[in-house]
Structures are given as structure tokens and as C-alpha cells.
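Colleague: Everything below, folded, please.
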Amino acid sequence: MRFSVYQISRKGGREKNEDRMGYCYTRDSGLFALADGMGGHPEGEVASQLALQTLAAMFQRDAKPVLKDPMRFLHDAIIAGHHQLIRYATEKALIDTPRTTIVACVLQGNTAYWAHCGDSRLYLVRGDKLIARTRDHSYSELQDTMAQVVPMGERFNRNVLFTCLGSPGKPVVDTVGPLILQKRDRLLLCSDGLWGSISDDTITEQLATRSISDAVPELVEQALRKGGPKSDNVTVLSVEWEAAENAVPDQAISTQTLGEEVFASTIQASVGAGSGEPDELDEAEIDRSIREINEAIRRSSESKKH
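Modeller: Numbers count the residues shown, from 1 in each chain. Have a look, this model is predicted:
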């Protein structure tokens, strides 16, 4: 596999950043994921981190070096993250359960598979066209869909979700795939801090006309400006499939030389025995983590040149 990746997470006007993102890969399979801890419930940053840890741990266990059934993996791993949150709340005797949305994508062979729960989104842009986008698990999006069939009354707030991880009922997990990828296809995973302020047309245009290392920071800055002093957390992870080797060398990753047992991850893979409590990451730690990841990618890219 060869791909380029770029990711940013900004706190915006909130007291803390409850978004988390990251990716893992073996020689022949890659997992990219993003979670948005939900306000109004306790420890949103724990919920998003724990959901990603669960995904990463299961990917490390199952991708040897490929996943036998990527669609089943995504569904089962997301549900496992939900159960981890329920277990965490029980062990901590919390009155309410930490909750999070999640979107995750597997790239394997020349195909993409993705799944989501809640309103964190995935976009797929090919050339200058938006090929696919996840449909939010919100009452407002459901209402928009139903309005095409029957007249609808009062409008719902877009932030009201009917499913998420950590909720009392079993989460709704939508899965898509397999979708055959073409060279230079671009995928973007984001929290609602981005799409809540930036239109689909703007996201598509930026991904179509700029490198992901230019498009992603520009989209995030636009979202923060439009969101103003009360801007939500804005988190974006973007991947370019089979990127040209000289396109964005600082973010380019080639897995062709990896051994079958090699596993690389920007997500802490250990779910932890017992408490299941992840390390809390503040804004400075998130920024430092991203710098370290990008530096590791840069070193990997330079080593392949020699």
C-alpha cells in the first residue's frame, strides 16, 4: 500500500478537546478512525479515546497482515468500543455513561470499507466530485430524508442524535463497502466541528484542488473562524490513496517493505486490563503527539530515499 495522511485536532472555543483521531497499519491493511466525545455526558474525552483504543487493539489482533472480513471487523470493533464504555462507567460507578460518536475506515488491497455511529463523517472525493458521504445518525438528517416521502413538522436540532456509543440501547452502526479505490482518491474523516461550519461543496473543492497537507489546515481554520469564540472542537484526518511518491513526501507512507508481523499505530493500542481508563490528553499533548507522528513519517520517508 502507498498512501499519504494528514491530521489536525483543534480545541476551538471549548474548555477541552474531546475529539480523538488516529490510524494503524500493517503491510497490507490500514485503519483510520476519528471519535467525538459528546458534551452533556461525563468524560467525553475518555469515551472517544477508549473507543479508538478498542479499535486499534482489535486491529492489531486481527490484521495478520489483512483483515479476513473488514466489514464485520468494523461493526464488531465499534460495538466492542460501546461495551468498553459501559464497562468503564460501571467500574467507576458513574451515574451516566461517557458517550462518543465514531467513524472508521479500512483500506485493504485496493478497496475501502467504512462504518460510523453518530454524526462524525467520512467524505470520499474523486477528482472534483464528492463520491460518497456518511449520513448522520441525527433526527434532523432523518427528517430531511423522510421529508422526501411525507410532509414533516417541527425541525429538529442537528445536534440531537438517535444513537452513539455509550447509549443505553444497542448502537446503530452503518457500514459501507467494498468500494474500489482509484489513484489519488481522497478520504476525509471529521467531527461535526468541521462540517457544522463548512459546506460539503467547500470540503469537496478544497480536497479536489489542493494537497491534503494544504486543504486540511485551511478547512480547519475556516471552521474555527466561522465558529467564532464558541467554536466546537475541530478534528480532521485525511488520506490520499496511492499518492504520487513526490506529491507530499512529509506525509507519505509506503508499507511494501514491512514484514507480515509489523504493526504501526498512532493510537495507544492497549485497552488496559481492569480499569480500562486511558491517559487523558490535553491540547498540548495532542499537538505534541501529532508532531511526533509527522516527524516519524518524515524520517521514514527520508530513509526510503537512501
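Colleague: just checking, what packs against the strand or helix carrying residue 220?
Modeller: Mapping residue 220 onto the secondary structure by DSSP states H and E places it in helix 212-227. Judged by 3 or more Cβ pairs under 8 Å, 6 or more residues apart in numbering; DSSP states H and E, helix 212-227 is in contact with strand 2-10, strand 186-190, helix 192-195, helix 200-209, strand 234-241. Any C-beta I mention is one placed from the backbone N, CA and C, and that applies to glycine too.
Colleague: if we look at the shortest one, which residues are touching it?
Modeller: What that stands for is helix 192-195. The list of residues contacting helix 192-195 from outside it, by Cβ atoms under 8 Å, 6 or more residues apart in numbering, reads 10, 12, 19, 36, 101, 119-121, 158-159, 203, 219-220, 223, 227, 231-236.
Colleague: Restricting the selection to alpha carbons, write that helix to CSV.
Modeller: As requested, C-alpha coordinates have been extracted for helix 192-195 and formatted as CSV (Å, rounded to 0.1, in the frame of the first residue of the first chain):
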residue,chain,number,x,y,z
ASP,A,192,-19.1,17.9,13.4
GLY,A,193,-16.9,20.9,14.4
LEU,A,194,-15.9,20.9,10.7
TRP,A,195,-19.0,20.1,8.7
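Colleague: Can you give the distance of that helix from its chain's centre?
Modeller: On the basis of Cα atoms, centre = their mean, to the nearest Å, helix 192-195 is displaced by 12 Å from the centre of the chain it belongs to.
Colleague: just stretch 50-68 next, same as before
Modeller: Using Cα atoms, centre = their mean, the offset of stretch 50-68 from its chain centre is 14 Å.
Colleague: Can you show me the CA trace of it as CSV?
Modeller: The C-alpha atoms that make up stretch 50-68 are tabulated as CSV, following Å, rounded to 0.1, in the frame of the first residue of the first chain:
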residue,chain,number,x,y,z
LEU,A,50,-11.4,4.4,24.8
ALA,A,51,-13.4,3.8,21.6
LEU,A,52,-10.2,4.3,19.4
GLN,A,53,-8.1,2.2,21.7
THR,A,54,-10.5,-0.6,21.3
LEU,A,55,-10.5,-0.3,17.5
ALA,A,56,-6.7,-0.3,17.5
ALA,A,57,-6.3,-3.2,19.8
MET,A,58,-8.7,-5.4,17.7
PHE,A,59,-7.0,-4.3,14.5
GLN,A,60,-3.6,-5.3,15.9
ARG,A,61,-5.1,-8.7,16.9
ASP,A,62,-6.9,-9.4,13.7
ALA,A,63,-4.9,-7.8,10.8
LYS,A,64,-2.3,-10.6,10.2
PRO,A,65,-1.5,-8.7,7.9
VAL,A,66,-5.0,-8.4,6.4
LEU,A,67,-8.5,-8.5,7.9
LYS,A,68,-10.5,-11.5,6.8
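Colleague: same question for the helix holding residue 220, mean pLDDT?
Modeller: Along helix 212-227, the predicted local confidence has a mean pLDDT of 96.
Colleague: Show me the contact partners of that helix.
Modeller: With Cβ under 8 Å, 6+ apart as the test, helix 212-227 has contacts from 4-8, 10, 12-13, 186, 188, 193-194, 196-198, 202-203, 206-207, 209-210, 231, 234, 236, 238-240, 248, 250-251.
Colleague: Just the buried residues from those, in ChimeraX please.
Modeller: With 16 or more other Cβ atoms under 10 Å as the burial test, the buried ones among the contacts of helix 212-227 are selected in ChimeraX as follows:
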select :4,5,6,7,8,10,12,186,188,193,194,196,197,198,202,203,206,207,231,234,236,238,239,240,248,251
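Colleague: Output the lowest mean pLDDT helix or strand found in the protein.
Modeller: Least confident helix or strand, the chain: helix 283-305 with a mean of 51, by mean pLDDT, DSSP states H and E.
Colleague: What strands line up against the helix or strand residue 177 falls within, and which way round?
Modeller: Residue 177 is part of strand 174-180, with elements assigned from DSSP H and E. Paired neighbours of strand 174-180 in the sheet (DSSP bridges): strand 111-117 (antiparallel).
Colleague: Determine the next helix or strand in the C-terminal direction from the partner strand.
Modeller: Once strand 111-117 ends, the next helix or strand along the chain (criterion: DSSP H and E) is strand 121-126.
Colleague: Only the C-alpha atoms, please, for stretch 254-265, written as PDB.
Modeller: The C-alpha coordinates for stretch 254-265 follow below in PDB (Å, rounded to 0.1, in the frame of the first residue of the first chain):
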ATOM      1  CA  SER A 254       4.600   3.000   1.900                       C
ATOM      2  CA  THR A 255       4.000  -0.300   3.600                       C
ATOM      3  CA  GLN A 256       5.600  -2.500   0.900                       C
ATOM      4  CA  THR A 257       8.800  -3.200   2.800                       C
ATOM      5  CA  LEU A 258       7.100  -4.100   6.100                       C
ATOM      6  CA  GLY A 259       7.100  -7.700   7.400                       C
ATOM      7  CA  GLU A 260       4.000  -9.600   7.900                       C
ATOM      8  CA  GLU A 261       4.000  -9.200  11.700                       C
ATOM      9  CA  VAL A 262       4.800  -5.500  11.700                       C
ATOM     10  CA  PHE A 263       2.100  -3.200  13.200                       C
ATOM     11  CA  ALA A 264       2.300   0.600  13.400                       C
ATOM     12  CA  SER A 265      -0.200   2.800  15.200                       C
END
